[in-house]
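Make a model of this:
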Amino acid sequence: MNHVNLIESCVTSNSLNEPTFPACKFHAGIFIPNNTSIMKNLRMNLIMILGTVLILSGCASWNKTQKGAVVGTAAGGAAGAVIGRASGNTALGAIIGAAVGGATGAVIGHQMDKQAEEIKNTVPDARVERVGEGIVVEFSSNVLFAFDKSNLSNDAKTNLDKLVIVLNNYADTDIELQGHTDSKGSEACNQNLSEQRAGAVSSYLSGKGIRNSRVTIKGFGETIPKYNNETAEGRTQNRRVEFLITANEKMKADAEKQASN
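Residues are numbered from 1 along each chain as shown. Coordinates of the predicted model:
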């Protein structure tokens, strides 16, 4: 049960169409469902979300591998989706949602550490961030595309050729391509442009030997800005394509075997 359904389960209307809460009791300033199963689900969701937030905001001495292992164990897909929506960062939410956690997650995290370092060294024009058990690689559009265009520039192909080398060295990973735009222009045009740009990158990777089964594409248009759209620099940064690199099922299975030895 998600949080919207939880609220709906508590709220009914009286004859005046005013909300009432017959399925809940009021305690310490909040409404608590009387239904036991709902209470258990709510308690578990709160524990997962709180635990993940504490991990992400604290434990500064931990490395990304350790954080990835604990986040995966404590939260998994549900908390990853919540955090992704709450922070406006779809990459963060997707990667945390795919986490395995535990000793297996630690093994995956170690492999991702090595891959991220290789990408940083091989593709200096990319912004590389380790998140949990995955990697986010960000290219701004001025690296990949001309303004308002979706065809790859020659510089873009050079950068992608460098990235392909690393991606092929770590074949047991999945890649999600997320296209984004700034807020200039109509929402419909920006949505279409973001999808076209992610698609152009996917097609290029396929032509360079990256299996289609590894790649998915999503376009978000102008809906999830990471930078300030009120400045020219911020708009340039918002016109971006992000690579979300996560373990595929084979890597997860291999990591589980390694962790159990």
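
make it CA atoms for all contacts and neighbour counts henceforth
OK.

Could you count how many residues lie near residue 118?
16 (other CA atoms under 10 Å).

In contact with the closest residue to it other than its chain neighbours, which residues?
Leaving aside its sequence neighbours, residue 118 sits nearest to residue 166 (CA to CA, 6 or more residues apart in numbering; 6.9 Å). Neighbour list for residue 166: 115, 118, 119, 122 [criterion: CA atoms under 8 Å, 6 or more residues apart in numbering].

Tell me the pLDDT of residue 166.
What the model reports for residue 166 is a pLDDT of 96.

right, and the pair among the contacts of residue 166 with maximum separation?
Taking CA to CA, the two most distant members of the contacts of residue 166 are 115 and 122; they sit 10.4 Å apart.

more crowded one of these two?
Each of residue 115 and residue 122 has its neighbours counted (other CA under 10 Å); residue 115 has more, 20 against 15.

how about whatever helix or strand the more buried one lives in: buried residues?
Assessed by DSSP states H and E, residue 115 sits inside helix 102-122. By 16 or more other CA atoms under 10 Å, the buried positions in helix 102-122 come out as 102-113, 115-116, 118-120.

do the same with stretch 146-157
In stretch 146-157, counting by 16+ other CA under 10 Å, buried: 148, 150, 152, 153, 156, 157.

Give me the contacts around that stretch.
Counting by CA under 8 Å, 6+ apart, residues outside stretch 146-157 touching it are 141, 143, 144, 145, 193, 196, 197, 200, 201.

you'd agree the first one is up against residue 236?
Yes - with contacts defined as CA atoms under 8 Å, residue 141 counts as touching residue 236 at a distance of 6.9 Å.

Of those two, which one has the most company?
Using other CA under 10 Å, the more surrounded residue of residue 141 and residue 236 is residue 141, with 26 against 18.

Would you mind splitting this structure into its domains for me?
According to automatic domain parsing, the chain comprises the domains 3-34, 103-260.

Can you give me the end-to-end span of the longest one?
Taking CA to CA, to the nearest Å, the first and last residues of domain 103-260 lie 8 Å apart.

can you pick the most crowded of the contacts of stretch 146-157?
residue 197 (30 neighbours).

quick one: the nearest residue to that residue once chain neighbours are set aside from residue 129, how far?
Leaving aside its sequence neighbours, residue 197 sits nearest to residue 150 (CA to CA, 6+ apart; 4.9 Å). Distance of residue 150 to residue 129, given as CA to CA: 25 Å.

Pick the most buried one from the domains of the chain.
domain 103-260 (a mean of 19; mean count of other CA atoms under 10 Å).

all strands for the stretch 51-200 of the chain, in order.
127-131, 134-140, 173-179 (DSSP state E, counting those that start in this stretch).

Turn those into TSV, including mean pLDDT.
Shown next, in TSV, are the strands of the stretch 51-200 of the chain (pLDDT from 0 to 100):
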stretch	mean pLDDT
strand 127-131	93
strand 134-140	92
strand 173-179	96
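
Including distance to residue 248, could the ones you listed go into CSV?
CSV is the format used below for the strands of the stretch 51-200 of the chain (distance: least, CA to CA, whole Å):
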stretch, distance to residue 248
strand 127-131, 16
strand 134-140, 11
strand 173-179, 5
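
Figure out which of those strands is closest to residue 188.
strand 173-179 (13.8 Å).

I'd like to check the angle between that closest one and strand 134-140, please.
30 degrees (axes from the mean of the first three to the mean of the last three CA atoms, to 10 degrees).

Who are the packing partners of strand 173-179?
Counting contacts by 3 or more CA pairs under 8 Å, 6 or more residues apart in numbering; DSSP states H and E, strand 173-179 packs against helix 187-207, strand 215-219, strand 240-247.

so what does the second one touch, helix or strand wise?
What that stands for is strand 215-219. So strand 215-219, by 3+ CA pairs under 8 Å, 6+ apart, packs with strand 173-179, helix 187-207.

pLDDT at residue 144, what is it?
Reading off the model, residue 144 has pLDDT 87.

Actually, residue 91.
Confidence for residue 91, expressed as pLDDT, is 69.
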